[in-house]
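Participant: take this sequence and fold it.
(one chain, ligands or ions: 1)
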Amino acid sequence: MQRLCVFCGSSSGKEPGYAADAAALGTLLAERGIGVVYGGGRVGLMGTVADAALAAGGEVTGVIPEQLMRAEIAHHGLTELHVVADMHERKATMARLSDGFLALPGGAGTLEELFEVWTWAQLGLHTKPVGMLDVRGYYSRLAEFLDHTVTEGFLNHATRDLVTIDPDPHTLLEALTHHTPTPINKWAV
Ligand code: AMP
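Facilitator: Predicted coordinates:
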């Protein structure tokens with residue numbers, strides 16, 4: 001794992017614990033020598049992860065669409081900043097540059113990014129690991145819902161298991177790092 005793509009909120013959440021854990025993740029990735037790839041902004045948890053990784057001597061690559069340079073306040077202190085034409089190019093670039101994906105808490109954008117890379121894995125378009133860091137139990141109800149989709153016959157176990165959800169950044173990182181790509185038959189529910 002050389003570079004991990006971190007999806008996260010352009011907000012910081014109500015509780016300071018979200019930012020604290022985002023910063024701890026940034027520091028941990030830098031200490032492990034794992035570069036961060038993210039949306040390139042300075043706002044919310046995005047900025048927090050980037051600043052913490054940079055402060056700990058890590059490499060941080062941002063990918064931001066021209067149109068969001070102002071809204072998300074592009075971070076100009078990064079190792080690299082790619083300014084791209086649109087959201088599609090942003091997501092494709094982030095995916096190409098990364099060896100795995102991790103979601104911190106976030107809103108619609110974060111969920112969309114996470115679900116897209118998960119569904120790409122489901123279709124065999126990539127075999128990179130996907131995880132959610134369950135900070136303050138943020139994703140535990142989503143995890144329950146995903147199990148419900150399996151119970152109800154809309155998702156198979158193998159596809160569900162493509163996403164690792166864990167509250168501990170060390171454990172999650174271990175799981176992502178030692179991920180063994182498994183071929184998925186999406187059509188077997
Ligand atoms: P949010 O989780 O909504 O705060 O957004 C987090 C990041 O996702 C921000 O960098 C947004 O620009 C980005 N984002 C918003 N909408 C989308 C989308 N449809 N696809 C991918 N990323 C998005």
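Participant: show me where the chain has helices.
Facilitator: 16-31, 44-55, 87-97, 108-122, 140-151, 157-160, 169-177 (DSSP state H).
Participant: highest mean neighbour count out of the ones you listed?
Facilitator: Highest mean neighbour count among those (mean count of other Cβ atoms under 10 Å): helix 44-55, with a mean of 24. Placement of C-beta: from N, CA and C, glycine included.
Participant: from the contact counts, what lies against that one?
Facilitator: If you count contacts as 3 or more Cβ pairs under 8 Å, 6 or more residues apart in numbering; DSSP states H and E, helix 44-55 packs onto helix 16-31, strand 35-38, strand 60-65.
Participant: can I get these in JSON lines including mean pLDDT and distance to the ligand?
Facilitator: Output for these, formatted as JSON lines (pLDDT from 0 to 100; distance: least, Cβ to the nearest ligand atom, whole Å):
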{"stretch": "helix 16-31", "mean pLDDT": "97", "distance to the ligand": "12"}
{"stretch": "strand 35-38", "mean pLDDT": "98", "distance to the ligand": "8"}
{"stretch": "strand 60-65", "mean pLDDT": "97", "distance to the ligand": "8"}
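Participant: which one, of those, ends up nearest to residue 146?
Facilitator: helix 16-31 (21.2 Å; Cβ to Cβ).
Participant: give me the residue from the protein nearest the ligand.
Facilitator: residue 109 (2.3 Å; Cβ to the nearest ligand atom).
Participant: check the helices of the chain for me: which has the lowest mean pLDDT.
Facilitator: For those, the weakest mean pLDDT is recorded on helix 157-160, namely a mean of 92.
Participant: which strands or helices does that one pack on?
Facilitator: The contact analysis (3+ Cβ pairs under 8 Å, 6+ apart) places helix 157-160 against helix 140-151.
Participant: now do the helix it packs on: distance to the chain's middle.
Facilitator: 19 Å (Cα atoms, centre = their mean, to the nearest Å).
Participant: contacts for it, please.
Facilitator: Contact with helix 140-151 is made by 132, 134, 155-157, 160, 163, 165, as judged by Cβ atoms under 8 Å, 6 or more residues apart in numbering.
Participant: rerun at 6 Å
Facilitator: 134, 155, 157, 160, 165 (Cβ atoms under 6 Å, 6 or more residues apart in numbering).
Participant: right, so of the helices of the chain, which gets closest to residue 9?
Facilitator: So among those, helix 44-55 is nearest, using Cβ to Cβ, at 4.7 Å.
Participant: near the ligand, from the contacts of helix 140-151?
Facilitator: Here nothing survives when these are matched to the ligand using Cβ under 6 Å from any ligand atom.
Participant: how close does residue 174 sit to residue 117?
Facilitator: Per Cβ to Cβ, to the nearest Å, residue 174 is found 20 Å from residue 117.
Participant: if you could redo that for residue 60, that was the one I meant.
Facilitator: For residue 60, the distance to residue 117 - Cβ to Cβ - is 19 Å.
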